[in-house]
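Engineer: Would you be able to build a 3D model of this:
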Amino acid sequence: MTALPDWMRPPREEGWFAEDLDRLPEAPRHTELIHGALVFRLAPQSSWHSHLVIALTAALREQAPAHLEVGREMTVKLDERNRTEPDLLATTAAFDGDRTWFTPDEVQLVIEVVSPESAHRDRTVKLRKYAEAGIPHYWCIDDEDGAPVVHAYELDVPGTYAPAGIFRGSLKRPVPFPISLDLDRLTPPRRTCRRRGNAEGAGLFRVRPLPQRRLRR
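Structural biologist: Presented below is the predicted three-dimensional model:
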C-alpha cells in the first residue's frame, strides 16, 4: 500500500483546522475542509459546469449593487473545522487582493452547481452547514437534461433554511438584491450526434434471410 505523503497527515490529533488550508501548497486546487477532513475534487468539472459558472458570474455582476461583489474560487470559513469553496458567492467585504477566505457574516449568497461527484455534499451537507453559519441565501443548481434548474433557499429561523422556490427557464428574486435571469441562455444547448444514413434505421446492420432451396425428389 502506498504511504500517504507528509502534507496529507493532519498536523495535530484533532485533525485539520480552517487556517491550515493556507499552509498546504501541495494540496490540489479547490480543496475544502468539512468536519475537519480535507475534501478533494475527485473528477474534472464538465464543460457544462464551467460554462454555467462563468455565464452566471457575469450575469450576477451586471445586476449586483455597488456594495456587493460577486466572485468565485474563494473559500468561506464557516467555523474552525469547516471551510468550503462555493462555485459562486456574493459578499459585502471590501476588496483585498491578499485575502483567501470570507467570514459568513460577509456573505449574502452562496451558489453550488451540482456535479455527480459533489451531489451529496451540495444537497445535504453544505445545505446544513451554510444555514448553521447564518448565510442568508443558498442556491443549489442542478443539470436537468442540459438546462440549469435553481433550487433557492433562504434562512427561515436561525440555523435552518426554508425552500424559496424551484426555477426553470427564468428566475426572478428580490433578495439578496433584485435578480432577473434567463436561465436557458446561461448554457448552450446540447447537440445530439447522428450517424449519417437513412432517417429510419440509420447506423443499423440488416441481416437478410437466405433464399430457401427447393429439395429435389
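Engineer: can you count the residues close to E117?
Structural biologist: 14 (other CB atoms under 10 Å). All C-beta spots, glycine's among them, are computed from the backbone N, C-alpha and C.
Engineer: mind listing what it touches?
Structural biologist: Shown in contact with E117 (CB atoms under 8 Å, 6 or more residues apart in numbering): R41, L42, A43.
Engineer: rerun that using 6 Å as the cut-off
Structural biologist: L42, A43 (CB atoms under 6 Å, 6 or more residues apart in numbering).
Engineer: cool, and A55?
Structural biologist: Per CB under 6 Å, 6+ apart, neighbours of A55: L186.
Engineer: Pull out the buried residues from the strand ranked longest in the chain.
Structural biologist: Counting by DSSP state E, the longest strand found in the chain is strand 147-157. By neighbour count with 16 or more other CB atoms under 10 Å, strand 147-157 contains the buried residues A147, P148, V149, V150, H151, A152, Y153, E154, L155.
Engineer: Phi, psi for the residue lying closest to the fourth one once chain neighbours are set aside please.
Structural biologist: The shortest distance from V150 to any residue that is not its chain neighbour, by CB to CB, 6 or more residues apart in numbering, is 4.3 Å, and that residue is F167. Taking degrees, to the nearest 10, you get phi -120, psi 130 for the backbone angles of F167.
Engineer: Check whether the closest residue to A152 other than its chain neighbours sits in a helix, strand or coil.
Structural biologist: Ranked by CB to CB, 6+ apart and with sequence neighbours excluded, the top spatial neighbour of A152 is A164, at 4.2 Å. Classification of A164 by DSSP: H, G, I helix; E, B strand; the rest coil places it in strand.
Engineer: average pLDDT for stretch 107-121?
Structural biologist: What stretch 107-121 shows for mean pLDDT is 96.
Engineer: Please identify the buried residues of that stretch?
Structural biologist: Buried residues in stretch 107-121 (16+ other CB under 10 Å): V107, Q108, L109, V110, I111, E112, V113, V114, S115, S118, R121.
Engineer: go on, stretch 19-31?
Structural biologist: Within stretch 19-31, the residues scored as buried using 16+ other CB under 10 Å are D20, L21, T31.
Engineer: who touches it?
Structural biologist: With CB under 6 Å, 6+ apart as the criterion, stretch 19-31 contacts W7, L38, F40, R41, R83, E85, T100.
Engineer: Endpoints of that stretch, how far apart?
Structural biologist: Across stretch 19-31, the terminal residues are separated by 13 Å (CA to CA, to the nearest Å).
Engineer: Could you export the buried residues of stretch 107-121 as CSV, including secondary structure?
Structural biologist: As requested, the buried residues of stretch 107-121 are exported to CSV (three-state DSSP):
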residue, secondary structure
V107, strand
Q108, strand
L109, strand
V110, strand
I111, strand
E112, strand
V113, strand
V114, coil
S115, coil
S118, coil
R121, helix
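Engineer: Greatest separation within the residues you listed: which pair is it?
Structural biologist: Q108 and S115 (24.0 Å; CB to CB).
Engineer: report the longest helix in this protein, please.
Structural biologist: helix 47-63 (DSSP state H).
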